[in-house]
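Undergrad: Build me a model from this:
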Amino acid sequence: MSQTWKEYQETHKERFLNEMLDLLRIPSVSAKSEHKEDMLKCAEAVKKSLLAAGCDKAEVMATAGHPVVYGEKIIDPAKPTVLVYGHYDVQPPEPLELWHSGPFEPVIKDGKVFARGSADDKGQFYMHVKALEILSKTNSMTTNIKFLIEGEEEVGSPNLGKFVADHKALLKCEVILISDSALLSMDNPSLDVGMRGLSYIEVEVTSANRDLHSGTYGGAVANPITILAKMIAGCHDENNHITIPGFYEDVLVATPAERELLNKAPYDEKEYKEELGVNELWGEKGFTTYERTGIRPTLELNGIWGGYTGEGAKTVLPSKAYAKISARLVPNQSSHKMTDLLLNYFKSIAPPSVTVKASLHHGGEPYLTPIDSKGYKAASKAVETTFSKAPIPVRGGGSIPICSILERELGVKIVFMGFGLDNDNLHSPNEKFNLENYYKGIETIPYFHKYFAE
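TA: Below you'll find the model as predicted:
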């Protein structure tokens, strides 16, 4: 049977790629209102691809924001059902000048597809669409397969929780399968056993009621950029430990055995630094790179602006300064609690010379998947089958905000089965997805269904 799958994939390889490229050409940026029509166009394209791949039914379903695409192929209600989750929305492509080619004009170079959404998450969820096609067309399905492909993951999935709660019967399944994460490498396959949560806020600092002349008023009136920079700089101490009172209060501390397992993953610091173009790594003292990005919470400045940033000089003392700040959270930390903590903290440390407004963008809970679950074991066996090597369990540094809601509402575990790489430039210019990884994902996923049914 495996030969049949491989033969089918080989025969249709070129089409599998071209279909993915067509999807990448649609600028489905959920964060920008001007892309509303592109979002609808992309949802329709996903629906069509599900029907073409063998779904008995697929539909674009409305939410209070961008729509969800649902599809299903039910072979026998008595068989186990796998729900595939993914997202068709993508991050904004800016800064555009740093792209080597158009973000929505896919280019294939050195065996990689360069385009926004290639690895996050169009290329990755599309592997499941093509895996369904292979199983369906070779009459070798052993599970029922459902698809939940949303359009708001990149803005925190604000409407998916309600959608899932309202459609529990429709989404009923035994396991949820997600490909929105990375492998350590093609030589060292891995499976994520957890994702960090997220709390994302924006801070606005105001001094005077208007922009002022920096000569006339400089030295007499507080500069909000200076104040904001000081506030942010004070969030870490000399050991890069976060100084916000209560920040670490609920952190689930990893056991020595968990830390040992995490650090078994191959790691070359010199290579890591060279690939990123940094001279030295930075992070919380007392933890390795994998621990800093997997089991420890972090606080990052995602953007800062204010005053004059145009061409040439303008001697201005700005009225306002802004920052976007996010915290990555680990198990037992609550995004709601952390958001309140951050919002109150930035208001409380402001000197009387300025006023501070802090507001929430979005958040999501951390998630851990047990490695003794039926789903994880099926994924591990599937990876071992096609890579000829058992995957290493690792903790992902990123966040998929909907995970904890999916588990709570549907009462099943999630399995992360990503085929991207950490250097795929997710959320950055020149995002890419290796063709080898794309095809390997399509080859591996059918085995998950086979072993999960067994």
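
Undergrad: Would you mind checking the average pLDDT for stretch 37-57?
TA: On average, the pLDDT along stretch 37-57 is 98.

Undergrad: ok, and what's touching that stretch?
TA: 19, 22-23, 26-30, 58-60, 66-69, 71-74, 88-89, 126, 129-130, 132-133, 135-137, 147, 149, 151 (C-beta atoms under 8 Å, 6 or more residues apart in numbering). For the C-beta atoms, the positions are set from N, CA and C on the backbone; glycine is no exception.

Undergrad: just how off-centre is that stretch within its chain?
TA: On the basis of C-alpha atoms, centre = their mean, to the nearest Å, stretch 37-57 sits 22 Å off its chain's mean C-alpha point.

Undergrad: Tell me where this protein is predicted with low confidence.
TA: 1-3 (pLDDT under 70).

Undergrad: which stretches of it form helices?
TA: 2-24, 36-53, 123-137, 160-166, 168-171, 224-233, 256-262, 269-276, 289-294, 335-348, 374-387, 403-410, 435-453 (DSSP state H).

Undergrad: Out of those, which is the most enclosed?
TA: helix 123-137 (a mean of 25; mean count of other C-beta atoms under 10 Å).

Undergrad: what angle sits between that helix and helix 36-53?
TA: 30 degrees (axes from the mean of the first three to the mean of the last three C-alpha atoms, to 10 degrees).

Undergrad: Which neighbouring elements make contact with helix 123-137?
TA: The contact analysis (3 or more C-beta pairs under 8 Å, 6 or more residues apart in numbering; DSSP states H and E) places helix 123-137 against helix 2-24, helix 36-53, strand 81-87, strand 144-150, helix 435-453.

Undergrad: can you redo these as CSV with distance to residue 180?
TA: Converted to CSV, the helices and strands packed on helix 123-137 look like this (distance: least, C-beta to C-beta, whole Å):
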stretch, distance to residue 180
helix 2-24, 15
helix 36-53, 15
strand 81-87, 7
strand 144-150, 11
helix 435-453, 12
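
Undergrad: Which one of those lies nearest to residue 187?
TA: helix 435-453 (11.5 Å; C-beta to C-beta).

Undergrad: by contact count, what packs against the closest one?
TA: Identification of packing neighbours for helix 435-453 by 3+ C-beta pairs under 8 Å, 6+ apart yields helix 2-24, strand 81-87, strand 112-114, helix 123-137, helix 374-387.

Undergrad: angle of that helix against helix 374-387?
TA: Angle of helix 435-453 versus helix 374-387, following the same axes, to 10 degrees, is 130 degrees.

Undergrad: Please save the CA atoms from helix 435-453 in CSV.
TA: What follows is helix 435-453, C-alpha atoms only, in CSV (Å, rounded to 0.1, in the frame of the first residue of the first chain):
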residue,chain,number,x,y,z
LEU,A,435,10.1,21.6,-1.2
GLU,A,436,11.7,18.5,0.4
ASN,A,437,9.9,19.3,3.7
TYR,A,438,6.6,19.9,1.8
TYR,A,439,6.8,16.5,0.0
LYS,A,440,8.0,14.7,3.1
GLY,A,441,5.0,16.0,5.0
ILE,A,442,2.6,14.7,2.3
GLU,A,443,4.4,11.3,2.4
THR,A,444,4.3,11.1,6.2
ILE,A,445,0.8,12.2,7.1
PRO,A,446,-1.1,9.2,5.6
TYR,A,447,0.9,7.0,8.0
PHE,A,448,-0.4,9.0,11.0
HIS,A,449,-4.0,8.0,10.0
LYS,A,450,-3.0,4.4,9.4
TYR,A,451,-1.3,4.1,12.8
PHE,A,452,-4.0,6.1,14.7
ALA,A,453,-6.7,3.7,13.4
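
Undergrad: now the angle from it to helix 2-24?
TA: Using the same axes, to 10 degrees: helix 435-453 against helix 2-24 is 120 degrees.

Undergrad: ok now helix 435-453, how far from the chain's centre?
TA: The answer for helix 435-453 is 20 Å, by C-alpha atoms, centre = their mean.

Undergrad: Please apply the same query to stretch 165-184.
TA: For stretch 165-184, the distance to the chain centre is 15 Å (C-alpha atoms, centre = their mean).

Undergrad: what residue of this protein is the furthest out?
TA: Residue farthest from the centre of the chain, counting by C-alpha atoms, centre = their mean, is residue 216 at 47.3 Å.

Undergrad: who are the neighbours in contact with it?
TA: No contacts exist for residue 216 under C-beta under 8 Å, 6+ apart.

Undergrad: one step back: any chance of the helices of the chain in TSV, plus distance to residue 195?
TA: As requested, the helices of the chain are exported to TSV (distance: least, C-beta to C-beta, whole Å):
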stretch	distance to residue 195
helix 2-24	24
helix 36-53	23
helix 123-137	14
helix 160-166	15
helix 168-171	20
helix 224-233	26
helix 256-262	14
helix 269-276	21
helix 289-294	10
helix 335-348	12
helix 374-387	14
helix 403-410	6
helix 435-453	18
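
Undergrad: just so I know, which of those helices lies nearest residue 105?
TA: Taking C-beta to C-beta, helix 2-24 is the member of the helices of the chain nearest to residue 105, at 8.7 Å.

Undergrad: measure residue 366 to residue 341 for me?
TA: 15 Å (C-beta to C-beta, to the nearest Å).

Undergrad: ugh, typo on my part, it should be residue 428
TA: 29 Å.

Undergrad: try residue 426
TA: 27 Å.

Undergrad: cool, residue 57 as well?
TA: In terms of C-beta to C-beta, residue 57 sits 45 Å off from residue 341.

Undergrad: again, but for residue 453
TA: Separation of residue 453 from residue 341 (C-beta to C-beta) stands at 45 Å.

Undergrad: Residue 120: what's it in contact with?
TA: Contacts of residue 120 were listed using C-beta under 8 Å, 6+ apart, and they are 90-91, 180, 420, 424, 426-427, 431.

Undergrad: ugh, wrong one, residue 31
TA: 91-92, 154-155.

Undergrad: May I ask which of these has the most neighbours?
TA: residue 154 (22 neighbours; other C-beta atoms under 10 Å).

Undergrad: Leaving out chain neighbours, which residue sits closest to residue 25?
TA: residue 104 (5.7 Å; C-beta to C-beta, 6 or more residues apart in numbering).

Undergrad: any idea how far residue 118 is from the one you found?
TA: 11 Å.

Undergrad: Identify the contacts common to the two.
TA: With C-beta under 8 Å, 6+ apart, residue 104 and residue 118 have common neighbours residue 24.

Undergrad: quick one: which of these two has more around it?
TA: Between residue 104 and residue 118, counted using other C-beta under 10 Å, the more crowded position is residue 118 (30 against 18).

Undergrad: Setting aside sequence neighbours, what's the nearest residue to that one?
TA: Using C-beta to C-beta, 6+ apart, the nearest residue to residue 118 is residue 433, at 3.8 Å.

Undergrad: Mind listing the residues bridging to residue 421?
TA: Listed beta-bridge partners, residue 421: residue 183 (assigned using DSSP bridges).
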